[in-house]
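> Fold the following and give me the result.
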Amino acid sequence: MSEPLTAPGEGFHPHLHDVSGPSATPLRARLHHVRADALDGDTAQTGGMRRFAAISGRTVGSEKLWMGQTHVAPATSSSDHHHGESETAIHIVSGHPEFVFLDDSGERPEEIRLRTSPGDYIFVPPFVPHREENPDPAEEAVVVIARSTQEAIVVNLPGLYALPIEEA
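Reported below is the predicted structural model:
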């Protein structure tokens with residue numbers, strides 16, 4: 001593992017040069033390298049969180065996938081929201097964020113809180129209202145998110161409630 005990091009355009013396609021501008025090479029004919037310092041903060045946001053796109057239709061031309069990072073500040077809670085038709089997979093990188101949703105499968109709706117640790121994964125089905133919380137007073141929580149749509153769909157809600165099936 002002593003090889004240096006690749007520069008844009010190196011690796012599997014050494015004939016490709018700087019990829020900062022539009023590429024004449026088709027999307028399906030090359031790999032795309034998005035550096036950590038090149039994440040795109042111009043994405044859908046929810047109060048209490050900062051989302052950064054790495055892989056999206058806009059950043060690399062993806063057609064079916066969005067992937068990026070979300071940062072939740074210490075002692076912060078996001079707004080209640082859902083991600084529309086997107087399936088969302090979350091990998092906890094640092095901190096101990098908590099994911100809150102309403103389970104209405106019983107006689108009375110019950111708020112469920114999933115407490116996580118680095119290395120854990122969370123799956124959020126389409127249209128499921130939820131929120132992320134970071135109860136730690138000092139440490140930011142960072143997660144990596146993958147979605148089944150090419151852009152980050154975020155629908156902010158006035159409360160944490162289950163959507164009727166016809167709205168989903």
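
> Could you find the residue nearest the spatial middle of this structure?
Centroid-nearest residue in the chain, with C-alpha atoms, centre = their mean: Ile145, separated by 2.9 Å.

> so what pLDDT did that one get?
Per-residue pLDDT puts Ile145 at 92.

> now Asp37
76.

> pretty sure it belongs to a strand, no?
No - assigned with DSSP: H, G, I helix; E, B strand; the rest coil, Asp37 falls outside any strand and is helix.

> okay, now it: neighbour count?
5 (other C-beta atoms under 10 Å). No exception for glycine: its C-beta is placed from N, CA and C like everyone else's.

> ditto for Met67
Met67 has 19 neighbours, counted by other C-beta under 10 Å.

> picking that back up, list the contacts for the residue nearest to the centre of the chain?
With contacts defined as C-beta atoms under 8 Å, 6 or more residues apart in numbering, Ile145 is in contact with Arg51, Trp66, Met67, Gly68, Gln69, Thr70, Thr88, Ala89, Ile90, His91, Ala152.

> can I get the CA coordinates of the strand or helix carrying the fourth one in PDB?
I take that to be Gly68. Gly68 is part of strand 66-72, with elements assigned from DSSP states H and E. Extracted in PDB, the C-alpha atoms of strand 66-72 (Å, rounded to 0.1, in the frame of the first residue of the first chain):
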ATOM      1  CA  TRP A  66     -26.700   9.500  -4.500                       C
ATOM      2  CA  MET A  67     -23.900   9.200  -1.900                       C
ATOM      3  CA  GLY A  68     -22.500  11.700   0.500                       C
ATOM      4  CA  GLN A  69     -21.800  12.700   4.100                       C
ATOM      5  CA  THR A  70     -24.000  14.300   6.700                       C
ATOM      6  CA  HIS A  71     -22.700  16.100   9.700                       C
ATOM      7  CA  VAL A  72     -24.800  16.600  12.800                       C
END
